[in-house]
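S.K.: would you be able to build a 3D model of this:
(chains A and B)
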There are 2 protein chains.
Amino acid sequence: MKIVALAGGVGGAKMADGLAQALPAEDLTVIVNTGDDFEHLGLKICPDLDTVCYTLAGLANPVTGWGRVDETWKVIQNLEKLGGPTWFQLGDSDLSTHLERTRRIRAGQTLSQITYDFCKAWEVKPTVLPVSNDLIQTMVLTRGGALNFQEYFVHQQCQPVVTGFRFLGVEKAKPAPGVLEAIEMAGSVILCPSNPWVSIDPILAVPGVRETLSAKRVVAVSPIIAGKTVKGPAAKMFAELDIQPSAAAVAAHYGSRPGGGLLTGFVMDVLDSNLAIQVEEIGILPIITDTWMHTPTDRLRLAKEILEFGKMK
Amino acid sequence: MKIVALAGGVGGAKMADGLAQALPAEDLTVIVNTGDDFEHLGLKICPDLDTVCYTLAGLANPVTGWGRVDETWKVIQNLEKLGGPTWFQLGDSDLSTHLERTRRIRAGQTLSQITYDFCKAWEVKPTVLPVSNDLIQTMVLTRGGALNFQEYFVHQQCQPVVTGFRFLGVEKAKPAPGVLEAIEMAGSVILCPSNPWVSIDPILAVPGVRETLSAKRVVAVSPIIAGKTVKGPAAKMFAELDIQPSAAAVAAHYGSRPGGGLLTGFVMDVLDSNLAIQVEEIGILPIITDTWMHTPTDRLRLAKEILEFGKMK
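M.R.: Sure thing, here's the model as predicted:
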């Protein structure tokens, strides 16, 4: 059975890695958010794509979850001496990815082609697709004004109070080659435990994606456990948007199939068992398990459980 | 007495360093060739400026003469894995220079401003000026066609047979702020032992430079010793242009003041003493000394000798 995972960020990368461990490579396609992509120091940087690819390649930093393992920081240290911007941490190995991607983009290659070639070079076996080759720019609307995602996330460290989101360019963005086809071919689609607002929603907003998903078994994995996010600002965003952050709120955010939403199933942590009834009430099948992914083995176990559920339903 | 040095490449950087050791910082201005500047990996790279600045800062690689001391190669090693271009060697520390310069150029700063700031950061005390803030592109005309300088020099390793040179954009290039003023204030101008064809000639071709030099004492240091260049393709270029490569040929290339050329004096190696008569015959005073700069102490000794000569004449 073919599986598609929608992913962004560290939680998405971990889940994708669990699925990659559990499945034959030809059965897994990971569709990655590109709304976080931005230009910095003249380089095209795709944080979510890189995090997913580095993780699947075994090149990710196991401590931070982003960036590269055995990284060095010679470039940025010297950049700092010259008064250059250092708020976005660029390791030396990581930088080569951005340099070569930027060179290829300028030479007319698409992000899809580049991602394909990079995955080959890094020996990433599953298919990794950027959701679109067209520019999508996630803007975080805050009380202080609209901010580019990395400006909000890294530079201002998620401090500004969020009032909403915009995905600039998404209306005109075409799904990258293979994206809709992979979803059509999939037996199940898994929304990874990524930030719903800024990692999964931009993917869903690309014209054609939501419509194609509506015919599929779609299972989301909650990025919120016991009211808190494992990593990142998802819970903070829910709260600032006047929604009590919880696994149930995530399920409600995506919506149930009967309610015109996306989900047929929802994977939530054992710590949130008490919320299962709420999820069931809106028409989504709750799947309760240990969703923490502390180790690569945890990722595999969780992936297997989700896949087992997929087979049953 | 104020001194101006025109420089490009490793020989130019060594001579500039000798002068910097010999003179109070406020008395030395180094005007650097920018015709070798090019774009690579989307970055603005200024090889001659960097070589001069790194050398004056004590940051240059003492073995190669170019690039940085204690350099690492993490970025380019990872770039190679991605199939990126590796013919132009970019060390990690060196790369930070190009990244930050490119960022500032895009932000609207001039090369002069950037060079001033970088020199401050690197604690380079003498004044270092790019000859122009406008783009000048040295093209090496070869039997196989016109090549961008770095394509000829690095990528094709000076193999193509040279038929001439063009400095694209030079007619419209304005001297950078301070360039003509420094020459006007100078007691002596020294043409460093750089390649006459591709390091010094582009500087001389910037409108106003040659005219301003014509009122000054101008001394060139031969980059050719016993018919060979210490480093680089200058001798090969002379030969391919049907000129016997020699110190005398360099002197004739710049020309004598009575002959409508540039030079009042010419520093040549003791190995070329037999050519002194030829230099004298065309109206240039020959200065014979040991011109090899193996060590920083050699640079200082040579600089002192040239400056002594300048005081006498």
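S.K.: so what would you say the end-to-end distance of stretch A:276-290 is?
M.R.: 14 Å (Cα to Cα, to the nearest Å).
S.K.: please apply the same query to stretch A:241-260.
M.R.: This stretch, stretch A:241-260, spans 22 Å end to end (Cα to Cα).
S.K.: so for that stretch, what gets flagged as buried?
M.R.: Buried residues in stretch A:241-260, counted by 16 or more other Cβ atoms under 10 Å in any protein chain shown: A:241, A:245-254, A:256-257. To be clear about C-beta, it is placed using only N, CA and C from the backbone, and glycine gets the same treatment.
S.K.: how about stretch A:61-72?
M.R.: In stretch A:61-72, counting by 16+ other Cβ under 10 Å, buried: A:61, A:65-68, A:71.
S.K.: of the buried residues of stretch A:241-260, which belong to helices?
M.R.: A:247-254 (DSSP state H).
S.K.: so which of the buried residues of stretch A:61-72 reach chain B?
M.R.: Near chain B, taking Cβ under 8 Å from any Cβ of the partner chain as the test, no member of those is found.
S.K.: buried ones in stretch A:30-48?
M.R.: For stretch A:30-48, the neighbour count (16+ other Cβ under 10 Å) marks A:30-38, A:40-48 as buried.
S.K.: about what we covered before: tell me the one of the ones in helices among the buried residues of stretch A:241-260 nearest residue A:126?
M.R.: Checking these against residue A:126 with Cβ to Cβ, the nearest one is residue A:254 at 23.3 Å.
S.K.: report pLDDT for the closest one.
M.R.: If you check residue A:254, the pLDDT there is 98.
S.K.: what are the ranges of the helices in the stretch 1-150 of chain A?
M.R.: A:9-22, A:47-57, A:74-81, A:92-106, A:111-121, A:149-150 (DSSP state H, counting those that start in this stretch).
S.K.: would JSON lines of the buried residues of stretch A:241-260 with distance to chain B be doable?
M.R.: Listed next are the buried residues of stretch A:241-260 as JSON lines, based on distance: Cβ to the nearest Cβ, whole Å:
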{"residue": "A:241", "distance to chain B": "35"}
{"residue": "A:245", "distance to chain B": "38"}
{"residue": "A:246", "distance to chain B": "42"}
{"residue": "A:247", "distance to chain B": "39"}
{"residue": "A:248", "distance to chain B": "43"}
{"residue": "A:249", "distance to chain B": "40"}
{"residue": "A:250", "distance to chain B": "36"}
{"residue": "A:251", "distance to chain B": "40"}
{"residue": "A:252", "distance to chain B": "42"}
{"residue": "A:253", "distance to chain B": "37"}
{"residue": "A:254", "distance to chain B": "36"}
{"residue": "A:256", "distance to chain B": "43"}
{"residue": "A:257", "distance to chain B": "42"}
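S.K.: leaving out chain neighbours, which residue sits closest to residue A:298?
M.R.: residue A:292 (6.3 Å; Cβ to Cβ, 6 or more residues apart in numbering or on different chains).
S.K.: wait, is the one you found part of a helix?
M.R.: No. Under DSSP: H, G, I helix; E, B strand; the rest coil, residue A:292 sits outside any helix and is assigned coil.
S.K.: ok, it touching residue A:222?
M.R.: No. Residue A:292 is beyond contact range of residue A:222, at 11.1 Å (criterion: Cβ atoms under 8 Å).
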